[in-house]
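1. Okay, sequence plus prediction incoming.
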Amino acid sequence: MKRIFFAALALVSMQAAHIQADNCCPQDECFDPCGGWSVGADFLYWNICKDNPDYAATLVSSTNELEATYQYAPIGWEPGFRVFLGKENVFCGWDFYASYTRVSADGDTKGLDDTNSTLVNTIGLTQKPAEAIAAQNNLTYQTFDVLLGYEFCFCKCQRIRPFFGIQGVKIKQQYAQVEILQSSPTLSLNAVGWQSDYKALGLELGTVYSYDLDCGVGLFTKTAVSFVAGNDDSELVDLVNNGSSIFVNDLIDDRGLCTPGLQLQVGLTYEKCWCGWDFGFRVGYEFQNWWNVPLVRRYPASGLPTSTHSTGGNLMMHGLFLGANVGF
């Protein structure tokens with residue numbers, strides 16, 4: 001009987017060792033069976049592109065031809081940051097994750113002064129020939145999310161973590177333009193200012209796929225879709241100063257919008273346990289796109305507040321991220 005017992009015990013031990021050797025999610029010395037906290041941050045360097053950034057047109061006319069060249073005030077590459085907090089196994093194997101992202105972009109001031117052609121602004125109600133035009137395009141992008149995810153492991157050290165939760169979005173846009181309509185004998189100016197403050201809240205769904213290589217190095221991808229709805233509070237002020245009087249057009253928008261979004265990430269991770277603390281580093285590429293983001297209205301008839309242009313468009317951001325986190 002004792003021989004049978006020890007033989008069975010040896011067989012169970014061998015089977016357990018075999019299962020642990022084949023486990024694609026081995027528990028390292030930093031593993032906390034009660035679930036551990038982790039905090040981290042990413043440095044972002046993104047190129048911000050949005051629809052409808054033109055502010056003026058340069059017109060060259062002849063007897064039978066009119067040539068128009070549009071001028072743009074793009075935003076371009078800007079830095080930002082993301083901070084995040086997580087906790088493993090909040091309940092029944094579900095993990096908690098929260099993050100906040102901010103990118104503040106101050107576009108370059110674009111000036112235009114061409115004596116060989118006619119300048120016309122394309123924003124605002126006062127669409128008159130100008131001697132010089134200067135414009136600036138600014139944007140502040142903020143998001144936060146609170147998510148729950150559940151991790152599954154499968155062959156060859158691969159992991160997949162579906163997640164869901166809520167996401168909030170705040171997009172603030174500012175645009176300013178000044179044009180000299182006439183410099184002599186009396187100075188005549190036109191100034192246009194537009195500001196949009198869009199706030200939305202909704203649902204986020206996605207998944208993270210990880211492949212563990214060797215020596216703490218791994219690959220990962222993230223795909224997420226968002227469906228948010230909120231309110232846009234925007235205002236356009238068009239001011240004309242002809243030297244003797246000032247006339248102001250004040251156009252106000254207050255409307256609801258539904259905005260779907262897409263986020264893609266791909267990157268490389270490195271994790272190392274040191275003195276009981278779990279450190280991680282990551283670098284990669286990220287793409288985000290939001291549809292139906294507020295745009296400045298366009299007015300085809302000078303002086304009339306009748307807009308036929310779409311007031312929603314795309315906001316696309318892509319670039320690099322570099323981050324670190326620590327678990328305890």
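-> Received, thanks.
2. ok, now how distant is residue 90 from residue 323?
-> The gap separating residue 90 from residue 323 is 22 Å, by C-beta to C-beta, to the nearest Å. For glycine as for every other residue, the C-beta is placed from the backbone atoms N, C-alpha and C.
3. Compare the two (neighbour count), which wins?
-> Using other C-beta atoms under 10 Å, the more surrounded residue of residue 90 and residue 323 is residue 323, with 20 against 13.
4. Please name the nearest non-neighbouring residue to that one.
-> Distances taken as C-beta to C-beta, 6 or more residues apart in numbering put residue 42 closest to residue 323, at 3.5 Å, once the chain neighbours are dropped.
5. And what about the one you found, helix, strand or coil?
-> Classification of residue 42 by DSSP: H, G, I helix; E, B strand; the rest coil places it in strand.
6. How many neighbouring residues does it have?
-> Applying other C-beta under 10 Å, we find 21 residues neighbouring residue 42.
7. Look up how far residue 70 lies from the closest residue to residue 52 other than its chain neighbours.
-> Counting by C-beta to C-beta, 6+ apart, the nearest residue to residue 52 once its immediate chain neighbours are dropped is residue 295, at 5.0 Å. In this view, residue 295 and residue 70 are 15 Å apart by C-beta to C-beta.
8. between the two, which one's more packed in?
-> A count of neighbours by other C-beta under 10 Å puts residue 295 above the other of residue 295 and residue 70, at 21 against 11.
9. give me phi/psi at that one?
-> Backbone torsions for residue 295, taken as degrees, to the nearest 10, come to phi -120, psi 160.
10. And residue 276, by the same measure?
-> Dihedral angles of residue 276 (phi, psi; degrees, to the nearest 10) stand at phi 80, psi 0.
11. surely the residue nearest to residue 52 meets residue 54?
-> No. Assessed by C-beta atoms under 8 Å, residue 295 is found out of contact with residue 54, at 11.4 Å.
12. Overlap of the contact sets of those two?
-> The contact sets of residue 295 and residue 54 do not overlap (C-beta atoms under 8 Å, 6 or more residues apart in numbering).
13. Helices of the chain, residue ranges please.
-> Along the chain, counting by DSSP state H, helices occupy 2-22.
14. Where does pLDDT dip in it?
-> For the chain, applying pLDDT under 70 flags the ranges 1-35, 108-116, 301-304, 308-310.
15. tell me how far the biggest strand by length in it is from the chain's mean position?
-> Assignment by DSSP state E gives strand 246-274 as the longest strand of the chain. Its chain's average C-alpha position is 4 Å from that of strand 246-274, according to C-alpha atoms, centre = their mean, to the nearest Å.
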